[in-house]
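Trainee: make a model of this:
(chains A and B)
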Amino acid sequence: MNVIEVDRACAGYGGEPVLRDISLSLKEGDLAGLLGPNGSGKSTLFRMLGGALKPSSGGVRVMGRDVSSFGASELGRIMAVLPQFTDEPFGFSAFEAACMGRYPHSGRFSALSARDIEAVEEAMALVDVIHLRGRLMNTLSGGERRRVLLAQALAQEPKILLLDEPSAHLDVQHQVELFELLCKVNERGITVLAILHDLNLAAQYLRRILFLKQGAIIADGPPAEVVNGRLIESAFGIRLDVLVREGTDKPSVLYSRAGTSGPAQAPIRIHVICGGGTGRGIMGMLAQQGHELSAGVLNRGDSDEVFARNIGAAVVQAPPFSAIPEEAHAENLRLLRGANLVILCPVPVGPGNLRNLEAVRASQAGGAAIAVLEEAAISDHAGGEATRILREILNNGAARFATKSALADYVRTISPRRECQGAVKN
Amino acid sequence: MKKAAGILAGLALCAAAAALLGVWFGSGSLAAGDKFAALLDPCGESTAHSIIWTLRMPRVLLALLVGGGLAASGCVFQGMLRNPLADPYTLGVSGGAALGAALAIMAGLGRMADAAAVPFFAFAGALISLVLVYAASSRRGFTPSALILGGMVLNFLLSSVIYLLFAFAKSSEIHGAMNWLMGDLGSAPAAALPAAGAMTLAGFCVFMWFSRDLNTLSFGDEKARNLGTPPATARRFLFLSASLVTGACVASAGIIGFVGLIIPHVLRRVAGPDHRVLLPASLLGGAAFLALSDLLARSIPNSISFPEFPVGVVTGIAGGLFLLVLLFSGRTDRFFS
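Mentor: Below is the predicted model:
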């Protein structure tokens, strides 16, 4: 069931609309992050979802009902909002502030019931602010105040939680705890949508990430599919390296100051022949060094294929469980010709992907530099043909590497002009 | 809740005690026994009776009313503008009222015969400034900054106009106007009490209706909305009602300063920041404070400049000293934030 549905909505503050024809839906139980550059319309989208800003066209539905049809308190029982900016309330203690989360549930003049106090205390315990209960809001640090406000929102016992930069002002410990908390809250059935700036935390913890740019959603999906170098560059206009740690499908972003820890070397074109997860390790390392990667031919859905796309590599695809078709082979050869280096990973070779090995041999004949990784692990399921071609490649001067890090170190020494540049024909 | 009820009961006792002191003491020497007898019998016909019931009682009631109205509306303004320095005069009501009163006094309407003209003109002036600030702020969604800016501009403008009027006025008229400007509980006509009383009561009901919204508004409009408060609507009603209450108080007693600023602050320390308690507490506390201040003002010997010592001077000095002591004591936790 969709708890929030936005249907081709435009909204803004007079003049140019900030949100342009935006459509999205949040399913019950979603744990989603909204990312995007400053001024891309994230907070505006939140205001529209919270009913504070009316769309100039299109519609916003919450629990299937138009958001403007809700009574003031009614919406507060379904959806709790933690705004990016709140005023510093004077005189209220943390407990009194958290208690206001019960307002949508109670009458104007009614005192808190035992049930209300229970909900408030549970929320405060969840966010770890019980010990602050007697402190005045204006004596709390920015992070503490933020957490009290989160407790206030949780005390509303909402079905949907909208958080605008909940991790702002939080130290590392509390950032991590916040995300753990969001997961915990989400497990209780609360749909969470949070505006965030930390790509790494978002990719680690959230199940869905939406990228907003200039008032439009440019990507929407699980972190493994949407967080990649290409997307970051198109959203933020900067190049960052995205790695996927081995054994996970969670991308992480590496920040490095250009010129210090980044690649001193100019990026080179590298084509990787891999499959079945044999190439992701080395591709991750090389992507981190900033090289331009391509891979193929890979079956769609193969773990190397997914990984390569995630890090923004060009991938030549073939349909799943089938031999390499002619067009894919030709495309692969084209990419191989343009590469400064070709890496052959320890991939099992059968009749279906024998053409990849043939393509490597052909590119070597054309003058390409070949690096073979863990050649002993390359298994032959093609009746000796694979072994024969591999031996040929090795005899023709391919470099051998026993470990990925040795290969990565070797790549560091290559410049785009050296090695095979002369052999590139086009 | 029990604590809140206790505080409110205590403040109500204070107000009652202040009222009793107000009618008990005054110029003219009455025997304690006569006063006691007169108090017990509202329908008596003795001298003590007429002094207490027709001279002192209306004045004390007016002091209670004006003090309570100013403190409660000051509390509303502080809450809705999210500004601890706001008072009932921040939004321009006093400027219009003062100009109206000054015009009436300088037109020679301030004499005893048609004393009702001064409150009437003052209230009309208050209404005009209210409409101006309302119009100036409504296009900006009644945001606190729009309201404050509109009110301050109007106050400056109108007070300058008053000084311009002074340039053309006779000194006796200036004296009369100055007296009014500093607060004067003694010259309101009899009709002012029920009129201002009804308006203050009605306004206070609106305050209480929105009391919880004042709590949520302190977190900013976005969170307030999420907690069930439509921010612009709440501020619109609060602005209108608090301005009318202030206008009624100012029209009947002139511009009495400091009550609306300091009483809510002091009581925020005692009763806590929840406006559902703080508003009635301010009403009672302001009433008690002004009744006592008036008693003090009446006991200061008359001078030539002032036929009666202006109560606004007493509240200013008493309130200012009290605030200074609090500031120096360093105990400003719930006080200024």
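
Trainee: ok, A:Ser25 - contacts?
Mentor: Residues counted as contacts of A:Ser25 (Cβ atoms under 8 Å, 6 or more residues apart in numbering or on different chains) are A:2, A:4-6. Where C-beta positions appear, they are placed from N, C-alpha and C, glycine not excepted.

Trainee: pretty sure it is in a helix, no?
Mentor: No: the assignment for A:Ser25 is strand, going by DSSP: H, G, I helix; E, B strand; the rest coil, so no helix is present there.

Trainee: flag the shaky bits of the chain, pLDDT-wise.
Mentor: No chain was given, so I picked chain A. Low-confidence segments of chain A (pLDDT under 70): A:256-265, A:415-426.

Trainee: was after chain B, sorry
Mentor: Residue ranges of chain B with pLDDT under 70: B:1, B:28, B:110-115, B:302-307, B:330-337.

Trainee: ok and the residue in it nearest chain A?
Mentor: Using Cβ to the nearest Cβ, the single residue of chain B nearest to chain A is B:Pro273, 3.2 Å away.

Trainee: secondary structure element holding the most centrally placed residue in chain B?
Mentor: The C-alpha lying nearest the average C-alpha coordinate of chain B belongs to B:Leu70 (Cα atoms, centre = their mean; 2.6 Å). For B:Leu70, the host element (DSSP states H and E) is helix B:57-80.

Trainee: cool, A:Glu180 as well?
Mentor: Assigned by DSSP H and E, A:Glu180 falls in helix A:172-187.

Trainee: hmm, A:Gly290 is touching A:Val242, no?
Mentor: No: A:Gly290 is not in contact with A:Val242 according to Cβ atoms under 8 Å; the separation is 11.2 Å.

Trainee: SS state for A:Val297?
Mentor: Following three-state DSSP, the label given to A:Val297 is strand.

Trainee: how close does it get to A:Glu326?
Mentor: Distance, A:Val297 to A:Glu326, by Cβ to Cβ, to the nearest Å: 11 Å.

Trainee: neighbour count for these two, which is higher?
Mentor: Using other Cβ atoms under 10 Å in any protein chain shown, the more surrounded residue of A:Val297 and A:Glu326 is A:Val297, with 27 against 8.

Trainee: residues near the closest residue to A:Ala377 other than its chain neighbours, how many?
Mentor: In space, and not counting its chain neighbours, A:Ala377 is closest to A:Pro346: 3.4 Å by Cβ to Cβ, 6 or more residues apart in numbering or on different chains. Neighbour count of A:Pro346, defined by other Cβ under 10 Å: 17.

Trainee: in which helix or strand would I find A:Pro346?
Mentor: Under the criterion DSSP H and E, no helix or strand holds A:Pro346.

Trainee: show me what contacts it?
Mentor: For A:Pro346, the contact set (Cβ under 8 Å, 6+ apart) comprises A:278, A:373-378.

Trainee: likewise for A:Ala168?
Mentor: Contacts for A:Ala168 (Cβ under 8 Å, 6+ apart) come out as A:84, A:146, A:197.

Trainee: can you do 10 Å?
Mentor: By Cβ atoms under 10 Å, 6 or more residues apart in numbering or on different chains, the residues touching A:Ala168 are A:84-85, A:142-143, A:146, A:175, A:195-198.

Trainee: now, those that are in strands?
Mentor: For the contacts of A:Ala168, the ones inside strands are A:Ile195, with DSSP state E as the criterion.

Trainee: buried subset of the contacts of A:Ser25?
Mentor: A:2, A:4-6 (16 or more other Cβ atoms under 10 Å in any protein chain shown).

Trainee: overlap in contacts of A:Val297 and A:Glu326?
Mentor: A:Arg355.

Trainee: circling back: overlap of the contact sets of A:Gly290 and A:Val242?
Mentor: Both A:Gly290 and A:Val242 are in contact with A:Gly229, where contact means Cβ under 10 Å, 6+ apart.

Trainee: more neighbours, the two?
Mentor: A:Val242 (23 against 18).

Trainee: tell me the secondary structure for that one?
Mentor: Under three-state DSSP, A:Val242 falls in the strand class.

Trainee: do A:Ala168 as well
Mentor: Once three-state DSSP is applied, A:Ala168 turns out coil.

Trainee: go on, B:Ser27?
Mentor: Under the three-state scheme (three-state DSSP), B:Ser27 adopts coil.

Trainee: if I pick it, what's in contact with it?
Mentor: B:51, B:55-56, B:298-299, B:301-302.

Trainee: top of the residues you listed by neighbour count?
Mentor: Neighbour counts for the contacts of B:Ser27 (other Cβ under 10 Å) peak at B:Arg56, which has 22 neighbours.

Trainee: quick check: phi and psi at the residue of the stretch 201-350 of chain A found nearest chain B.
Mentor: At 18.7 Å from chain B, A:Leu212 is the closest residue in the stretch 201-350 of chain A, using Cβ to the nearest Cβ. A:Leu212 adopts backbone torsions of phi -110, psi 140, taken as degrees, to the nearest 10.

Trainee: correct me, but it touches A:Ile218?
Mentor: Yes: counting by Cβ atoms under 10 Å, A:Ile218 is a contact partner of A:Leu212 at 7.2 Å.

Trainee: out of the two, which sits in the more crowded spot?
Mentor: Between A:Leu212 and A:Ile218, counting by other Cβ under 10 Å, A:Leu212 is the more crowded of the two (24 against 15).

Trainee: A:Arg145: neighbouring residues, count only.
Mentor: As a burial measure, A:Arg145 scores 22 neighbours (other Cβ under 10 Å).

Trainee: not counting sequence-adjacent ones, nearest residue to it?
Mentor: Per Cβ to Cβ, 6+ apart, closest to A:Arg145 is A:Met137, 6.0 Å.

Trainee: name all residues that make contact with the nearest residue to A:Ile232 once chain neighbours are set aside.
Mentor: Nearest non-adjacent residue to A:Ile232, counting by Cβ to Cβ, 6+ apart: A:Leu240, 5.2 Å away. Going by Cβ under 10 Å, 6+ apart, A:Leu240 touches A:199, A:227-229, A:232-233, A:253-256, A:290.

Trainee: any of those buried? List them.
Mentor: Taking 16+ other Cβ under 10 Å as the criterion, what is buried in these is A:199, A:227-229, A:232, A:253, A:290.

Trainee: what residues of stretch B:154-164 count as buried?
Mentor: Under the neighbour-count criterion of 16+ other Cβ under 10 Å, stretch B:154-164 has B:154-155, B:158-159, B:162 buried.
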